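> Output the structure for:
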Amino acid sequence: EVMPMVRAVPRGYTVCADAYLTPKIHQYLKGFTSGFKGGLKDVDVLFMQSDGGLTPMEQFCGSRAILSGPAGGVVGYAITSYSQMEKKPVIGFDMGGTSTDVSRYAGQYEHVFEATTAGVTLQAPQLDINTVAAGGGSRLFFRSGMFVVGPESAGAHPGPACYRKGGPLTVTDANLALGRLLPTFFPKIFGPAEDEPLSLGETMKQFHHLTDEINHFLSLNQSQVGENKPQNNVVSNVQSEMSVEEVAMGFIRVANEAMCRPIRALTQAKGHDTSQHVLACFGGAGGQHACAIARALGMKTVFIHKYSGVLSAYGLALADVVEEVQEPCSLKYEQQSFSELDCRMDQLSKRCSDTLGSRGFNSGQITTEIFLHLRYEGTDCALMVTADGYPGNPQSCRAGDFRAAFTKRYKKEFGFTIPDRPIVVDDIRVRGCGKSGITSAYKPKMEHRQAKPVMTTKCYFEEGYLETSVYLWEELPCGVSIRGPAIIIDKNSTILVEPSCEAHLTNKGDVCLTVGSDHNFILGTKLNTVQLSIFSHRFMSIAEQMGRVLQRTSISTNIKERLDFSCAVFGPDGGLVSNAPHIPVHLGAMQETVQYQIRSLGSKLKDGDVILSNHPCAGGSHLPDLTVITPVFRKGVNDPVFFVASRGHHADIGGITPGSMPPHSTSLQQEGAVFISFKLVSGGVFQEEAVTEALMAPAQYPGSSGTRNLHDNLSDLRAQVAANQRGSQLVGELIDTYGLAVVQAYMGHIQSNAELAVRDMLREFAQQRREQTGSLEVESEDFMDDGSPIRLRVQIDEEEGSAVFDFTGTGTEVWGNCNAPRAITLSALIYCLRCMVGQDIPLNQGCLKPISVIIPPGSILQPSQNAAVVGGNVLTSQRVVDVIFKAFEVCAASQGCMNNISFGSEKVGYYETVAGGAGAGPGWNGRSGVHSHMTNTRITDPEILEKRYPVILEHFSLRPDSGGAGQHCGGDGVIRRLLFRSEVVLSVLTERRVTRPYGLKGGEDGAAGLNLLHRADGRVLNLGAKTSVSLQPGDMFCLYTPGGGGYGREEGNRTPEAKRRRLYETFPERGSVFEYRLAQEGV
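Reported below is the predicted structural model:
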C-alpha cells in the first residue's frame, strides 16, 4: 500500500519509516487544525510532498514527506528562475543552517524512486535532491593538518559562537569574522535572554584560539619536515604563520569545495556540463557563497529571487496538486503485451483523474503523465521513462513509443545500449496534476536613479580587506547594476557580491549576478593547509565520480547491485593518491598493480592505451577482480603524469566451477582467465576479439571452462574503461585549473599528511607501550582452519614514528587456495593503520611510508607465482587484519570471513558474500549482521534474487547469542537458508568453522560458523568450511555465520536479556566513511 515496487528491503524500510512518522504527522495536524474555528473541516488544506506536488491533509504521510521542505524550494526556483533565464538548465543551491541541498531543473522535474536519507533507504517518488552536510551552522575543525567543515552542526541551540550561548565556531562565524555578515542588520535576539546582538567579539576570541593551534601545528610540521627531508622532498617548503582572517577565509574555501562536490555529482556524473547551467541560489545562507560556488564550477550567472530567503515557502504556494498511482507489472515490453499494458495504463489514468476531479478540478485543469519503469532483462538498472515526444505507432503502446524513449535515455545516461536484450516493465506509474493556476505576479518599479549605499564597511577577500558598499535590497531600483565588492541585505538573506562580479536588478526585482574570473589568486607548490583540504576534496571527488560512472554503466549484479568494485587515483610513481570509500581489500593492492605495470611496460605505455591485469604476481588479489588501468598523459610530457584505475569483481571468468570461486582449487589456472599486462584498449580501440579469446582460454585446461557470461564480462570491462576515462578527464581539468606542478605537489602534500598522521599514532602507541611494559615490541598470532599460523611481530621506533611488521613464522604456502599475494597483506596493513589513526585522514600511499614489511617468500602470505589464491583475498585477508588488531589490542576478532557462496550451472551463475558479527572493543559492542574490515559489499535484495535465480530465500535473520560475551559483547552472526528450485552446483568458501573469533582482555570468543545441507530426502549434512556439491530441486543450504569476539571480562550475574539489550544498542557511528555517507547519501 505504501509503495508497490519490487525490492523487499527498501520497501520494508519505507513501510517502517512510514509507520514511525505518519502517526506523528497526524498528531501534529490534529493540534494544528484544532487551533482553527471548526477545525478546518470545510477548508481544502494542502501539504507539500517530497515529489514537489501538493496533497490533501488527509493523505499526507511520512514516507512522502521526508524532503517536503527542500521540494518546495525546487518548485520555487523552477517556476521563477528557469523562465527568466531563457530556459537554461538551472542548478538549485539551497544553503540553510545545518546543510545544503542541491538539485537540477531543465524543464522537467527530475525524480528518483529510491534514495537514502539519514541512513534509511526509502522507495517513494521524490525530487532528485542531494544533501551535503555543510551549512551556516556546520562546525569548523583543524584535524591532522587539514581544515574540516562539518558534518557536525552547532544546531539552533547553542548555535554558532556568535549567538552568545557558548556554541562552537561555524561557517556563520567565519563569514562574520570576514565582515560578510553585519550585526547591525540582525535583530537583537541572541544570548541567554535572547535580547542581545550577534557577538563579533566571541567569534574572534575563538578564532584566535584556533589560529594559535594551527600556527603551532605549522611550526611543528616545519621542523619535522626539516628532520625527515629525504622521505618527501616535495614538502620542503611549508607555509608560514596564518592570520585570523586567513584561517576564516580558509574555512570558507573548504566549505565551498564541500558544497561543490554534490553539484559536480549531480551534473558531471550524468553527462551534463556544469558551466552551461545557471546557479539559482536561495536559503538563508546561500547568498554569502553564491559567487564563490559559481566561480569554482565555471558558471557565469547566479540568479537570486527576491524571496530567496523563504523560497521553499514561496514554491509551496505555486505548486500543483498531485495524485500518483503505481502498480508492479513484470511484463516484457513486446507486441504480445501492448494490449494489457494499454488497459492497465488507462485504468490508472482514470483513477488519477477521478481522484483529482473529486477534489474540485475540472477536466481542463487535469493532466496525466504515464511512466513505465523499464530495464534490460538480466540487469538491475531500471529507468522511469515517459514517452513524451515519442508518439505511439503499431510497434508500441498506444500511450507512446516507450522503447525508443528508453533506448535514447539509456544511451545518454550510460553511453551504450544492449540491442539484443528484451526490455522488462517493472512498474506502471501515472502522475496526475491538478493545475493550481496561481502565478508569480509582480509589478516592477522602473525608476531611473542610481543605487545609493546605506553604509560602507571593510570585508576580507583573497586580496585582503577591501572597501565594500552596503545596499538594502528593498531600496534598489529595477535595472540598476552594482559592481563588487558589495553587500546587498534583505530581511531574510545577505548577498555578497565579490570583486570582479556584478549584480543586476531585473525588472521583476530579482538579483542576477555576473561572475568574473578570479585572476588574483595564484597557487604555488608550497604547502598551504587550506588548499590541502581542498585538493583532498578534489582528488576524492574524482574517485567518487569514477565509481558512479562504473556503477551506472556496468551490467552485472556483482558491480551494479552488490557494489563489488573500487576506483582510485594514482601518482606518476603508481602510489595511491586518493580513493572513494569502496572495498578496502582492493585499495591497498591496486597500487601494487599500477606499480607493476610501470616497471613492466614503462615507456611502452602510450596515450590511448588501457591495461587489464589480475595476476597475483602483478598486484592482483584474486582472478575475478579485474583491474583496468589508464595512464593520464599531458601534451609535452612523455611519461604518464597520473594513473586512474578501477577494480571490479566479475561473477565468472571461467575455471573449474561456476562463479570462478572454486573451494578446492590447487593452482591458479583452475581459477579462471589470467591477465598480467594485457592491452585492453590499444590506441583508443577496444580489443574485443583478443580479450574474448583470453576469457575463453581456461577451457584448454582439464575440467575447466571459459567464462560462462562473456557478454557481461565485456560490458563491465567497457564500463571500467568508461569510469577510467571519466577519471582521466577530471584529472586533466584539475591540471588545467592549477597547473601540473601544483597538482603533483599537492598529491605529495596529501600523501605526506597521511604519513605524519601514522607516525604520530605510532609514537603515541610506543610511548604508552613503553610506560606500561618497558618494551617497544608487540606480537600476536592466529590460525586458519587448516592449522596454518599467521604470526606477526612489530618493532616500533618511537623517535622516528616508524615500525617494522615482521610476519616471519607464518605458515607455508598451502595445497589449496587460501594463499594470499603480498598485495593482500599490504591492503590489510594500510586499512588497519587508517583505522588506528582514528582521525579523518586520506587513505593513500603515505600511510605505508613509515612502515617496513617482512614477509617470508613461500609462505601463505607470499606464495609462488602459480599458487591458487582465490580464498586468500576473501578469507586470509580478514585473518591478517585480526592478527594486526590483536597485536595492538585494538578490538576483538571479527567473524574473520566473507562467507563466499556461489552457485550456478551452464546457464546461470550467482555469487554473494554474507555478513557476520563484528568484534567488540573498548567502549563499544560489536555490530551484528554486518560485513567488516576488508569488505563492505551489500547483499542482493531477496526479491531480485528469487526473481532472477532458481532459489527461494527461506530465512535470513541474526543468529542469537553467537557473539562473544564480555564487558562489551561481540556482534551476532546471521542465519541464511537458500532453497533451490533446480539443479545447480553450490560452492562454499568460508573460514572460522574451526577456530573461533578470539575475545580480547577477558572477553569470550565468538561462535564458529556452520555450513549445513538439508537434502530433499531429509538427510542433514555438515559441508565443512570449503566444498563444492551438486544440488537437486528441494535441497536447502543453511549458513550460520560466525559471531564477533567479546571485549573485557563480563560482569557477574548478567542475564541473557541484559546481554541482548547491550548487544543491540545503537552503535555510535563515526569516522570518514560515516561522514562520507552522511554528506553524499542523496547522490
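> would Y465 count as being in a strand?
Yes. Under DSSP: H, G, I helix; E, B strand; the rest coil, Y465 falls within a strand.
> what comes into contact with whichever strand or helix holds V883?
Assigned by DSSP states H and E, V883 falls within helix 877-888. Identification of contacts with helix 877-888 by C-beta atoms under 8 Å, 6 or more residues apart in numbering yields 585, 621, 765, 778-782, 784, 790-792, 794, 805, 820, 824-825, 827-829, 831-832, 836, 861, 891, 893-898, 919, 932-934, 991, 997-998, 1000. For the C-beta atoms, the positions are set from N, CA and C on the backbone; glycine is no exception.
> for T692, what are its contacts?
Per C-beta under 8 Å, 6+ apart, neighbours of T692: 710, 714.
> ok, which stretches of the stretch 901-1050 of the chain are strands?
909-913, 951-958, 974-980, 984-989, 1010-1014, 1020-1022, 1026-1031, 1036-1040 (DSSP state E, counting those that start in this stretch).
> Those: lowest mean pLDDT?
For the strands of the stretch 901-1050 of the chain, mean pLDDT drops lowest on strand 909-913, to a mean of 85.
> and the angle for that one with strand 974-980?
170 degrees (axes from the mean of the first three to the mean of the last three C-alpha atoms, to 10 degrees).
> tell me which strands and helices strand 909-913 is in contact with?
Applying 3 or more C-beta pairs under 8 Å, 6 or more residues apart in numbering; DSSP states H and E, we find strand 909-913 packed against strand 900-904.
> In its sheet, which strands sit next to the strand it packs on, and in what direction?
Looking at strand 900-904 with DSSP bridges, its partner strands are strand 909-913 (antiparallel), strand 984-989 (antiparallel).
> so which of those gets nearest T657?
Of all those, it is strand 984-989 that lies closest to T657, at 5.0 Å by C-beta to C-beta.
> What is the least confident helix or strand in the chain?
Counting by mean pLDDT, DSSP states H and E, the weakest-scoring helix or strand in the chain turns out to be helix 1072-1080, with a mean of 47.
> what's the distance between D128 and T267?
Separation of D128 from T267 (C-beta to C-beta, to the nearest Å): 11 Å.
> about what we covered before: using CSV, please lay out the strands paired with strand 900-904 together with mean neighbour count.
Output for the strands paired with strand 900-904, formatted as CSV (neighbours: other C-beta atoms under 10 Å):
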stretch, mean neighbour count
strand 909-913, 24
strand 984-989, 24
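> Show me the one of these that comes nearest I653.
Set against I653 and scored by C-beta to C-beta, the strands paired with strand 900-904 come closest in strand 909-913, at 10.6 Å.
> That closest one relative to strand 951-958, how many degrees between them?
Using the same axes, to 10 degrees, the inter-axis angle of strand 909-913 relative to strand 951-958 is 0 degrees.
> Please render the strands paired with strand 900-904 as TSV that adds distance to P168 to the earlier fields.
Formatted as TSV, the strands paired with strand 900-904 follow (distance: least, C-beta to C-beta, whole Å):
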stretch	distance to P168
strand 909-913	41
strand 984-989	49
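> still on that earlier bit, overlap in contacts of D128 and T267?
With C-beta under 8 Å, 6+ apart, D128 and T267 have common neighbours R104.
> Please give me every residue in contact with D941.
D941 makes contact with 7-10, 561 under the criterion C-beta under 8 Å, 6+ apart.
> List the ones among the contacts of helix 877-888 that fall in strands.
In strands, judged by DSSP state E, the following of the contacts of helix 877-888 are found: 778-782, 790-792, 794, 805.
> Just the buried residues of those residues.
Neighbour-count burial (16 or more other C-beta atoms under 10 Å) applied to these gives 778, 780, 782, 790-792, 794, 805.
> what's the closest of the strands paired with strand 900-904 to G92?
strand 909-913 (38.9 Å).
> can you list contacts of that closest one?
557-558, 562, 649, 651-652, 658-659, 661, 708-709, 874, 898-904, 931, 935, 937, 939-940, 945, 948-949, 951.
> Kindly report the same for stretch 398-411.
333, 338, 342, 345, 370, 372, 374, 376, 383, 385-393, 395-396, 416-417, 423.
> Which of those fall within strands?
370, 372, 374, 376, 383, 385-386, 423.
> can you give me the helices in the stretch 251-400 of the chain?
Using DSSP state H, counting those that start in this stretch, the helices of the stretch 251-400 of the chain run over 290-296, 311-318, 338-358.
> Please name every helix or strand in contact with the last one.
Taking 3+ C-beta pairs under 8 Å, 6+ apart as contact, the helices and strands that helix 338-358 lies on are strand 321-332, strand 366-376, strand 423-434.
> R538 is nearest to which of the strands paired with strand 900-904?
Ranking the strands paired with strand 900-904 by their distance to R538 (criterion: C-beta to C-beta) puts strand 909-913 first, at 32.2 Å.
> could I have stretch 351-367 exported to CSV, CA atoms only?
Taking C-alpha atoms only, stretch 351-367 is exported to CSV below (Å, rounded to 0.1, in the frame of the first residue of the first chain):
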residue,chain,number,x,y,z
ARG,A,351,-8.1,6.6,-11.1
CYS,A,352,-5.9,9.7,-11.1
SER,A,353,-8.4,11.9,-13.0
ASP,A,354,-11.3,10.7,-10.9
THR,A,355,-9.5,11.5,-7.6
LEU,A,356,-8.5,15.0,-8.8
GLY,A,357,-12.0,15.6,-10.1
SER,A,358,-13.4,14.8,-6.7
ARG,A,359,-11.1,17.5,-5.3
GLY,A,360,-12.7,20.2,-7.4
PHE,A,361,-10.6,20.2,-10.5
ASN,A,362,-12.3,20.3,-13.9
SER,A,363,-11.1,18.3,-16.9
GLY,A,364,-9.3,21.3,-18.3
GLN,A,365,-7.2,21.6,-15.2
ILE,A,366,-6.2,17.9,-15.0
THR,A,367,-3.2,16.5,-16.8
